[in-house]
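**Q** Everything below, folded, please.
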Amino acid sequence: PIREEALKAGQYYINQRWLGGLLTNFATIRRRVTRMVELQEMEDTGRINKYPKKEIIQLRKEKDKLEKYLSGIKDMKDIPDALFVIDPRRETIAVLEAHKLGIPVISIVDTNCDPDVIDYPIPGNDDAIRAIELVVGLMANAFIEGRQGQDSRVERVNDEEETAEENVVPVMPEELDPVVDEIDKVAVKAIEEQKGWKEAN
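**A** Residues are numbered from 1 along each chain as shown. Now for the predicted structure:
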């Protein structure tokens, strides 16, 4: 569900192993993405066929490997304003890199995770597919809602012909508002369900 929901929201994603330095050494990662795009163009235009057969096989293997790990961030030109993680225990490097760069982390936090290392924790089961699908879907919808609201505000400001300074609208905090609202709703629901389970027992 990660890829589908990210594409629906027009966002970037990593659904394979996190490559160390993806955030903290972003310039190097961008060079690998550029290489991936170059190999894709060689394949699409047929330029790859001018190489010897053995080299073509090696180039295609290189392209497939790069696409596996980097296709979700092909169009990402800079580090993100926020990072959403499914399993912070598994994605420790991603969380550490985000903290090092001051990027807020939103994450599902299971009972075996430390909520103190997450800026916006969402209590939940990070092993259950249905739970992951639910939270990821809510995140995608909240982002879409935030972006639509942001676009409406920008249009309204432009219509009113405000000054250039007044036309500057901060994107990340505004877009994150509905996301935080959804996190609060999910967290409250999880706490209520846990409370009901304890009372029943």
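**Q** Next one: the most far-flung residue of the chain relative to its centre, what pLDDT does it get?
**A** Ranked by distance from the centre of the chain (C-alpha atoms, centre = their mean), the top residue is residue 52, with 38.6 Å. Note on residue 52: pLDDT of 96.
**Q** Could you do residue 58 as well?
**A** Per the predicted model, pLDDT is 97 at residue 58.
**Q** Distance check, it against residue 65.
**A** Going from residue 58 to residue 65 by C-beta to C-beta, to the nearest Å gives 11 Å. For glycine as for every other residue, the C-beta is placed from the backbone atoms N, C-alpha and C.
**Q** Give me the neighbour count for residue 121.
**A** When counting by other C-beta atoms under 10 Å, one arrives at 19 neighbours for residue 121.
**Q** For the nearest residue to residue 103 once chain neighbours are set aside, grab the count of nearby residues.
**A** In space, and not counting its chain neighbours, residue 103 is closest to residue 83: 5.4 Å by C-beta to C-beta, 6 or more residues apart in numbering. Here the number of neighbours of residue 83 (other C-beta under 10 Å) works out to 21.
**Q** can you start the count at 416 instead of 1 from here on
**A** Happy to do that; since the first residue is 416 now, the last one works out to residue 498.
**Q** Residue 499 - that's part of a strand, no?
**A** Yes: counting by DSSP: H, G, I helix; E, B strand; the rest coil, residue 499 is part of a strand.
**Q** Tell me if I'm right that it and residue 522 touch.
**A** Yes: counting by C-beta atoms under 8 Å, residue 499 touches residue 522, with 7.0 Å between them.
**Q** Between these two, which is the more surrounded one?
**A** A count of neighbours by other C-beta under 10 Å puts residue 522 above the other of residue 499 and residue 522, at 28 against 23.
**Q** so what's the more buried one bridging to?
**A** For residue 522, the beta-bridge partners under DSSP bridges are residue 500, residue 536.
**Q** Any figure for the gap between it and residue 461?
**A** 44 Å.
**Q** Can you tell me the closest non-neighbouring residue to residue 491?
**A** residue 427 (4.6 Å).
**Q** returning to that earlier point: if I look at the residue farthest from the centre of the chain, how far off is residue 509?
**A** For residue 467 relative to residue 509 (C-beta to C-beta), the value is 39 Å.
**Q** need the contact list for the closest residue in space to residue 515 that isn't next to it in sequence.
**A** Leaving aside its chain neighbours, residue 515 sits nearest to residue 439 (5.9 Å; criterion: C-beta to C-beta, 6+ apart). Residue 439 sits next to 512, 515, 516 when contact means C-beta atoms under 8 Å, 6 or more residues apart in numbering.
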